[in-house]
Structure formats: C-alpha cells, structure tokens
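[1] Below: sequence and its predicted model.
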Amino acid sequence: MKNFADDSHLDVCHNIEATLVQCYRRDPKLTDLLCEFALDNAKIAIKQHFGCAQNERVSQSDSVAPIVAFCVYIGVERIGKINDLTLKEFVARLDKIKATVQRHSRAGGCGYYEFVSPFMPNADIVLPSPTSTLKRK
C-alpha cells in the first residue's frame, strides 16, 4: 500500500482527509504538526476503543480532540463492518495520511491543508463531540 491508487480502502482515506480539511477550516490554530500529533492520538484512541493500548494516553487539547473523535468515529463505523476493514488496516490508513501531512508540511505551517483543500471544496461535515466517540465499549 505505497500509494493511494492501489488502496482497497481509499474511501476511508477520503473520510479522514475530509475530517482534517474541516478541522483546519474551523480551527485557525491548527498546524500540520498538531495534525500529525492528532493522527498519532487517533491511532491510540481507536486501539483503546477495541481493547488495546490501554496504558497509553490520548491528548484532548482543543485542536486535537475533534480530529481524534472523528477518526475514532470513522473507525468504529467501518472496522469489521464494511469491506472487511481491520483495525490494523485502519491504523495503516491513519499512518498513510500522516505521511501525506508530513510530505506537504512546512515548519509550523499548514502546507498539507493548502495542498488538499482544493480537492475538497465541500468538506462540510458534522464533527461528533469528542466525549461521545471516545467512550470505550
């Protein structure tokens, strides 16, 4: 799974990217570095939801929490339910998006947002509340 063209779960990547675009649009303080941090925290949070990574801590800062919450929401709605997506595959998609953020990032800036936002002019989504999606099973 080196690129997006051969990804059997490309729709999951699109869902995650639409979430990030919406969060960048709503939070002027969100930078690529915070976005990377949020994606790392989303990996922990989705693992915790499925009973793993119980000793790890998830950050809930104002800029990070919406990204984490919506990534967990996407994972809960998709893992084991649609196209045989597994937890491992979902985490791999978060890593893939994080690599894209890093590739387009400028030190402290929003290079990723500037790159991806023209591809998602209608990325208006309703973000769930962080507490509603981070509850454990």
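    Perfect, thanks for sending it.

[2] In the chain, where is pLDDT below threshold?
    Regions of the chain meeting the criterion pLDDT under 70 cover residues 1-5, 107-108, 123-137.

[3] residues of the strand or helix carrying residue 98 that come out buried?
    Following DSSP states H and E, one finds residue 98 within helix 87-104. For helix 87-104, the neighbour count (16 or more other C-beta atoms under 10 Å) marks 87, 89-94, 96-98, 100-101, 104 as buried. Heads up, the C-betas are built off the backbone N, CA and C, glycines and all.

[4] Make JSON lines out of these and add distance to residue 15.
    Formatted as JSON lines, the buried residues of helix 87-104 follow (distance: C-beta to C-beta, whole Å):
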{"residue": "87", "distance to residue 15": "16"}
{"residue": "89", "distance to residue 15": "14"}
{"residue": "90", "distance to residue 15": "11"}
{"residue": "91", "distance to residue 15": "15"}
{"residue": "92", "distance to residue 15": "14"}
{"residue": "93", "distance to residue 15": "9"}
{"residue": "94", "distance to residue 15": "11"}
{"residue": "96", "distance to residue 15": "13"}
{"residue": "97", "distance to residue 15": "10"}
{"residue": "98", "distance to residue 15": "15"}
{"residue": "100", "distance to residue 15": "14"}
{"residue": "101", "distance to residue 15": "15"}
{"residue": "104", "distance to residue 15": "19"}
